[in-house]
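# Next one to model:
(chains A, B, C and D)
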2 protein chains.
Amino acid sequence: MSSSVQRKRIRKDPAARRAEIVAAAAAVALAEGLECVTLRRIAEELAVRPGLISHYFPSVEDLVAEAFGSAATGELDRLLPAGRATPTPTEQLARFLAHTSGQAYDAISRLWINARHLSRYRPVLRDRVAEQEAAWRDRLERLVQDGVDAGEFVTDDPVAVAVQILVVLDGLGVHANTATPRRPAAVLRMPLTTAERELGLRPGTLDQATG
Amino acid sequence: MSSSVQRKRIRKDPAARRAEIVAAAAAVALAEGLECVTLRRIAEELAVRPGLISHYFPSVEDLVAEAFGSAATGELDRLLPAGRATPTPTEQLARFLAHTSGQAYDAISRLWINARHLSRYRPVLRDRVAEQEAAWRDRLERLVQDGVDAGEFVTDDPVAVAVQILVVLDGLGVHANTATPRRPAAVLRMPLTTAERELGLRPGTLDQATG
DNA sequence: TTGCTTATTGGTCGCACACTCAATAGCATC
DNA sequence: GATGCTATTGAGTGTGCGACCAATAAGCAA
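You can find the predicted model right below:
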């Protein structure tokens, strides 16, 4: 009758427990925001006591940074798989740009806004954000370089192209938390337009029917 | 000798006091962030008791929204004065774009990131952000329209141009809280490039020597 | 000067947070 | 089955927050 007063302790391997904590924190960060990554919240998620989270992360700031890093890495791998995938660079880029539009991407946009703002007050997170920015840029740059090597893209500065595309995506993503008024088609197409222009592609090349 | 134990009450006109509170809150929001706009912090700023702030703003969320609105309006008026100023639209645009680069603009970028993130949790602020976005867009659109009327710019969709410029500025501004690696020149010039391209201006037209 | 309105104070309450640490109990090892 | 290591708990500390409200005094009007 009484609610589980006596909690059964489950003793786990430290490495596994730590991974479990980070995974839970990443999920909370993605769904509810980095400020919801608190000792109590994550402990509740895993049905353990807050003190245990403190045991693995003496400073909660480290956990927050870890949560962001884990979530961002996961999303990057989903959007731009690292290993040279089967499709051509053009197809990969089209797929990436298709995925970075629409509501499905809002959660990731929210996470980035969240992290970039919180970086103002949390040095550890700030470093992690810089690390992830580099990772995203490098991944996209690599794709551009692959396309150039394959003769599909034309540019003499893959880094500049990658950064320009990311700047446009960031600019469009900042509204993820606010009701955005209907935007002109030219604005919605900015990522595609930018990529096609900077890579010497015929307009429309990057549109794709299949998600 | 004893620290001012007995505080002299200064009774002010409600409208004036309210304005004073909003001004202090806007200053704190700009300098330290919207989460530092607390009853205690603003009260300390004005050398009054927290209860007084509550008296004027029964819900602190309203004060936060007001602080953002006040700060954002102030910055907009500084960057893009409303009344048709003396200089030509081209000069005004060049001046605006010059001011929206460099560290001087970082504080404003920080404020926008802050507000957009906090909007996730604060409905009142969210509405205020939408309002300010519209104000900035309209102000820039008006400038574009003036340029078209004056025969300096060429476009058939001033709104789309204005939004595209703002998207690029937002995209560049998101790094205001993080140490940004040196960016390629092409990236730094994105606002200028975008404006010149969309307005049918010769490349370089919007560069300006004088700040 | 007296009185009145109300701006302002001072104190309190409850909540959520991070962090600390001695006590406890799971579980592998012997 | 007994033992020892340590993962895990439970309880407590201190801070800062928004919100609430009765008491007070500033300054205007009579």
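# Up against chain B, what does chain A have?
Within chain A, the residues that sit near chain B (Cβ under 8 Å from any Cβ of the partner chain) are A:33, A:110, A:112-114, A:116-121, A:126, A:129-130, A:133-134, A:157, A:159-160, A:163-164, A:166-172, A:174-175, A:177-179, A:181, A:183-187, A:190. From N, CA and C alone the C-beta is placed, and that goes for glycine too.
# can you tell me how far the closest residue to chain B within chain A sits from residue A:131?
Chain A approaches chain B most closely through residue A:171 (3.0 Å), counting by Cβ to the nearest Cβ. Computed as Cβ to Cβ, to the nearest Å, the residue A:171 to residue A:131 distance reads 22 Å.
# Neighbour count: the two, which is higher?
A count of neighbours by other Cβ atoms under 10 Å in any protein chain shown puts residue A:171 above the other of residue A:171 and residue A:131, at 25 against 14.
# what inclination does the helix or strand harbouring the more buried one have with respect to helix B:158-173?
Assigning secondary structure by DSSP states H and E places residue A:171 in helix A:158-173. With axes from the mean of the first three to the mean of the last three Cα atoms, to 10 degrees defining the directions, helix A:158-173 sits at 110 degrees from helix B:158-173.
# Can you show me the CA trace of helix A:158-173 as CSV?
Written as CSV, here are the backbone C-alpha positions of helix A:158-173 (Å, rounded to 0.1, in the frame of the first residue of the first chain):
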residue,chain,number,x,y,z
PRO,A,158,35.5,24.4,-49.0
VAL,A,159,35.8,25.8,-45.4
ALA,A,160,34.3,29.2,-46.4
VAL,A,161,31.4,27.4,-48.2
ALA,A,162,30.7,25.1,-45.2
VAL,A,163,30.7,28.0,-42.8
GLN,A,164,28.4,30.1,-45.0
ILE,A,165,25.9,27.3,-45.2
LEU,A,166,26.0,26.8,-41.4
VAL,A,167,25.6,30.6,-40.9
VAL,A,168,22.5,30.5,-43.0
LEU,A,169,21.1,27.5,-41.1
ASP,A,170,21.9,29.1,-37.8
GLY,A,171,20.1,32.3,-38.9
LEU,A,172,17.0,30.4,-39.9
GLY,A,173,17.2,28.3,-36.7
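# quick one: average pLDDT of it?
Averaged over helix A:158-173, pLDDT sits at 98.
# elements contacting that helix?
helix A:106-118, helix A:123-149, helix A:190-198, helix B:158-173, helix B:185-188 (3 or more Cβ pairs under 8 Å, 6 or more residues apart in numbering or on different chains; DSSP states H and E).
# Distance-wise, check the residue of chain A closest to chain B relative to DNA strand C.
31 Å (Cβ to the nearest atom of the strand, to the nearest Å).
# repeat for residue A:102
Distance, residue A:102 to DNA strand C, by Cβ to the nearest atom of the strand: 31 Å.
# now swap in residue A:129 and tell me
Distance from residue A:129 to DNA strand C, by Cβ to the nearest atom of the strand: 19 Å.
# Let me see the contact set for that residue.
A:68, A:115-116, A:119, B:178 (Cβ atoms under 8 Å, 6 or more residues apart in numbering or on different chains).
# Dump those to TSV, plus distance to DNA strand C and pLDDT.
Shown next, in TSV, are the contacts of residue A:129 (distance: Cβ to the nearest atom of the strand, whole Å; pLDDT from 0 to 100):
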residue	distance to DNA strand C	pLDDT
A:68	14	98
A:115	16	98
A:116	20	98
A:119	17	98
B:178	21	93
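# just checking, residue A:101 touches residue A:190?
No. Applying Cβ atoms under 8 Å as the test, residue A:101 and residue A:190 come out as separate, 9.9 Å apart.
# For DNA strand D, what's the nearest residue on chain A?
residue A:51 (2.9 Å; Cβ to the nearest atom of the strand).
# Assign the most centrally placed residue in chain A to helix, strand or coil.
Nearest to the geometric centre of chain A sits residue A:72, at 3.4 Å (Cα atoms, centre = their mean). With DSSP: H, G, I helix; E, B strand; the rest coil as the basis, residue A:72 sits in helix.
# OK, contacts around residue A:65?
Residue A:65 sits next to A:122, A:124-125, A:127-128 when contact means Cβ under 8 Å, 6+ apart.
# Point out the residues in chain A that sit beside DNA strand C.
A:8-11, A:36-41, A:50-51, A:54-55, A:58-61 (Cβ under 7 Å from any atom of the strand).
# show me what contacts the residue of chain A closest to chain B?
Residue A:171 makes contact with A:190, B:166-172, B:174, according to Cβ under 8 Å, 6+ apart.
# Residue A:10: how many residues sit nearby?
Residue A:10: 9 neighbours (other Cβ under 10 Å).
# I'd like to know how many residues surround residue A:81.
15.
# Repeat that for residue A:113.
26.
# and the gap between it and DNA strand C?
20 Å.
# quick one on the thing from earlier: in terms of neighbours, single out the busier of residue A:101 and residue A:190.
Shown here are residue A:101 and residue A:190; by other Cβ under 10 Å, residue A:190 has more neighbours (24 against 16).
# residue contacts, the more buried one?
Applying Cβ under 8 Å, 6+ apart, the residues near residue A:190 are A:168, A:171-172, B:164, B:167.
# can we see that at 6 Å?
residue A:168 (Cβ atoms under 6 Å, 6 or more residues apart in numbering or on different chains).
# Look at it and report its pLDDT.
For residue A:190, the model assigns a pLDDT of 98.
# can you give me the angle the helix holding residue A:171 makes with helix A:106-118?
Using the same axes, to 10 degrees, helix A:158-173 lies at 100 degrees relative to helix A:106-118.
# and helix A:158-173, how far from the chain's centre?
14 Å (Cα atoms, centre = their mean, to the nearest Å).
# same thing with stretch A:39-49?
For stretch A:39-49, the distance from its own C-alpha centre to the chain's C-alpha centre is 24 Å (Cα atoms, centre = their mean).
# With stretch A:183-198 instead?
Per Cα atoms, centre = their mean, the centroid offset for stretch A:183-198 relative to its chain is 21 Å.
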